[in-house]
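K.L.:
Quick one, structure for this:
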Amino acid sequence: MAESAAGAREELARRSAYAIAVAFFVLYSGYSLRRHHLLRTTGYDLGIFEQAVRAYSRFQAPIIPLKGPGVHVLGDHFHPILVTLAPFYRIWPGAQTLLVAQALLIALSIVPVARLAVSRLGVAVGLWLSAAYALSWGIQGALGFDFHEIAFAVPLLAFAMVALAERRWRAAVAWTLPLLLVKEDMGLLVAAIGGYLFWRGQRRSGAALVVAGLAAVVLTVKVVLPFFNDGRFSYSAYLDPDKDLWSLALSFPAGLFENPRKLVLLALLLLLTGGAALRTPLALVAVPVLLSRLVSTNPVHWEVGRVHYNAVLMPILFVALIEVLPALRADGRLRMRIWRRTAIVFPGIFALMMHLTPWGITNPNNYADTPHYAAARRVLAKVPDGVAVAAGNSVAPHLTGRCRVVIFPPSHGERVDWVVTDTRVRTIAPKTLDQESAARAGLWPPTAEQVQAALRALPSQGFTKVTEDDGVVLYRRTAAAP
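P.N.:
You can find the predicted model right below:
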C-alpha cells in the first residue's frame, strides 16, 4: 500500500511538473515574441547571437559584424553549444527562433524543480514554489533581456541540482558536464558541483569535475578566446588591472561596501528564500560564479533587474530551499515553524512583486502597442534584403536575419549603404560605466551623443534621407563620400 501511494505521488508530481512547464513555455514565448514585435529587443545582444547562429546554420565561421569587422563569436565568449540551434534556425530563420528556444529551455528547467517540489512538499506547497521559481526575478530578468547562451545553463543546472538533492550522483555528473560548452565561466559551477560531490563521498567523480571545471576556465580564457580574438580576452577589462587574483580576493569584502549594489544583490538572494537555502551545502554551489561577478568592475554584473546573470542562481537556490523545508517542518520548535512558513511565502511575494517592474511578464504595459512601434516597422520595411546597413541598437535585431548589419555609428569605419536608427530610444548604461569607451571597444552600444553626431555627418558622407517617421530615420548612400 505504501509503495502504491508513493508511486501515485511521484506520478502526480511528474504530471504536475510537465503541465506547469508547458503553461509557462506558452507565457514565456508570448512575452518574448511580443517584446520583439514592439522593438524592445536589441542588437546587443539578440542581434549578435542571431548573426552567430545564422552563420552556423550556413556552415560558415560565426563572424558577428555588430561587434566589429571580422569579430569571431568564439573570441567574444566561449559558447559552442549555440551550434545546436543552427538546424532549427535553418528551418525557421529569424531572431524569433532564438527567443522561442530560450523560452523552451527555461521552461524545461521547471520540470525537475516542480517534480521535486511536489514530490517532497505536497501539491499545494509544491505548485506554489514551482510557480514562484518560474516567475522568480532571476528568470524574468533573463527573459526580459533578449537572448543569451545562459538559457542552456538553466535547465542543465536544474536537472543537476535535483539529481544532487536525490543522491543520483551519476546523473548529476551527466547533467553538469555540458555546462562547459555554455560559457567560459561555467567551469566555476562545474568545479563547485564537483566540490559538493567530493564532500558527499564521491571522491573520484567530484575531483574529476573540480579539475575539469577549473581547467576549462583557464583553457578557454587563456587559450581559446585569445586564439579567436587577436591574442586577448576582451572582458579582462572588467577586472582591476592593478590587482592580481590574490589581491582581488583580499580586497573583496571592502569592495562590497564601496559598491552598495553588490550588497543589494546579496540581500535579495538571501531574502528570496528567507535565508533557508543556506541551511544546506547545496546552496554553496552558487558561490564561485557569484564571487566572479562581485569582483568585476562592470556594474552590470551586480544588477538584480533586467539582466541574465541571475538566472543560473535560481535553480540552485530553489532546489536548496526544497531540500531544507522537510527538515524545518520536522523540527517542532516554534521559530523553525515560523521560518519554514516565511521561506515558503517569500519566493511567491518576490514573484508577485515582479508585476510592478517595467520588464515583468505580467505587466500589461509590456504587451501594449503604440503608434511609434508601428512607425518603426514601416521604416524598417523599406530596407531591402541583403544590403549592408548600419542600424541603431533598438532596430538591429529586426534586420540581422536578412541583412549584413553593423552597429550605428560604425566604430571601425565599415562601409554601408543604408543607415536606420530610432532617435527616440536611448541606450541606458550604468553611471559608473564609461559607455563611450566601451562602445569603441565593441563591449557596449554607442551613446546617444555618438549617434546624434554620426547622424549629422551622414549628408557629408554621401547619404540622403529616404524617410523619417516618428523619430525613426532611414538614410541611403546616393553618392561617394567627398
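K.L.:
Going along the chain, name the strands of the chain.
P.N.:
For the chain, strands defined by DSSP state E occupy the ranges 388-391, 404-407, 418-422, 463-469, 472-477.
K.L.:
tilt between the last one and strand 463-469?
P.N.:
So that's strand 472-477. Comparing the axes of strand 472-477 and strand 463-469 via axes from the mean of the first three to the mean of the last three Cα atoms, to 10 degrees yields an angle of 160 degrees.
K.L.:
quick one, strand 472-477 and strand 418-422 angle?
P.N.:
Using the same axes, to 10 degrees: strand 472-477 against strand 418-422 is 170 degrees.
K.L.:
strands paired with strand 472-477, and their directions?
P.N.:
Strand 472-477 sits in its sheet next to strand 418-422 (antiparallel), strand 463-469 (antiparallel), going by DSSP bridges.
K.L.:
Tabulate those (a markdown table), appending mean neighbour count, mean pLDDT and distance to L188.
P.N.:
In short, each C-beta sits where N, CA and C put it, glycine included. A markdown table is the format used below for those (neighbours: other Cβ atoms under 10 Å; pLDDT from 0 to 100; distance: least, Cβ to Cβ, whole Å):
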| stretch | mean neighbour count | mean pLDDT | distance to L188 |
| --- | --- | --- | --- |
| strand 418-422 | 25 | 94 | 38 |
| strand 463-469 | 15 | 93 | 47 |
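K.L.:
would you list the ones you listed in TSV and tack on distance to A286?
P.N.:
What follows is the strands paired with strand 472-477, written out as TSV (distance: least, Cβ to Cβ, whole Å):
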stretch	distance to A286
strand 418-422	38
strand 463-469	47
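K.L.:
ok, back up a step: nearest to A311, of the strands of the chain?
P.N.:
Of all the strands of the chain, strand 404-407 sits nearest to A311, with 25.3 Å by Cβ to Cβ.
K.L.:
Give me the helices and strands touching that closest one, please.
P.N.:
On a contact count with 3 or more Cβ pairs under 8 Å, 6 or more residues apart in numbering; DSSP states H and E, strand 404-407 meets strand 388-391.
K.L.:
quick one: buried residues of the strand it packs on?
P.N.:
Buried residues in strand 388-391, counted by 16 or more other Cβ atoms under 10 Å: A388, V389, A390, A391.
K.L.:
can you check stretch 154-167 too?
P.N.:
154-166.
K.L.:
contacting residues around the residue nearest the centre of the chain?
P.N.:
When Cα atoms, centre = their mean is applied to the chain, the residue found nearest the centroid is H308 (2.9 Å). Residues in contact with H308 (Cβ atoms under 8 Å, 6 or more residues apart in numbering) are G141, A142, F145, H148, I150.
K.L.:
The first one reaches V312, doesn't it?
P.N.:
Yep, that's G141 we're talking about. No: in this structure, G141 is not within contact of V312 by Cβ atoms under 8 Å, at 11.4 Å.
K.L.:
quick one: which of these two has more around it?
P.N.:
With other Cβ atoms under 10 Å as the criterion, G141 and V312 differ in neighbour count, and V312 comes out ahead with 28 against 23.
K.L.:
What pLDDT is listed against the more buried one?
P.N.:
On pLDDT, V312 comes in at 96.
K.L.:
separation between it and L294?
P.N.:
15 Å (Cβ to Cβ, to the nearest Å).
K.L.:
swap in G274?
P.N.:
Applying Cβ to Cβ to G274 and L294 gives a distance of 22 Å.
K.L.:
and the two most separated of the buried residues of stretch 154-167?
P.N.:
The largest separation in the buried residues of stretch 154-167, counting by Cβ to Cβ, is between V154 and E166 at 18.8 Å.
K.L.:
Could I get the contacting residues of the spatially closest residue to S29 that is not a sequence neighbour?
P.N.:
If the residues on either side of it in the chain are set aside, S29 comes closest to A103, at 4.3 Å by Cβ to Cβ, 6 or more residues apart in numbering. Shown in contact with A103 (Cβ under 8 Å, 6+ apart): F25, Y28, S29, Y31, S32, L143.
K.L.:
would JSON lines of the residues you listed with distance to T220, pLDDT and neighbour count be doable?
P.N.:
Converted to JSON lines, the contacts of A103 look like this (distance: Cβ to Cβ, whole Å; pLDDT from 0 to 100; neighbours: other Cβ atoms under 10 Å):
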{"residue": "F25", "distance to T220": "31", "pLDDT": "97", "neighbour count": "19"}
{"residue": "Y28", "distance to T220": "29", "pLDDT": "96", "neighbour count": "25"}
{"residue": "S29", "distance to T220": "31", "pLDDT": "96", "neighbour count": "19"}
{"residue": "Y31", "distance to T220": "32", "pLDDT": "95", "neighbour count": "23"}
{"residue": "S32", "distance to T220": "28", "pLDDT": "95", "neighbour count": "27"}
{"residue": "L143", "distance to T220": "26", "pLDDT": "94", "neighbour count": "24"}
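K.L.:
In helices only, show me the residues you listed.
P.N.:
Members of the contacts of A103 lying in helices (criterion: DSSP state H): F25, Y28, S29, Y31, S32, L143.
K.L.:
mind listing the helices for the stretch 301-450 of the chain?
P.N.:
313-330, 334-353, 371-380, 435-440, 448-457 (DSSP state H, counting those that start in this stretch).
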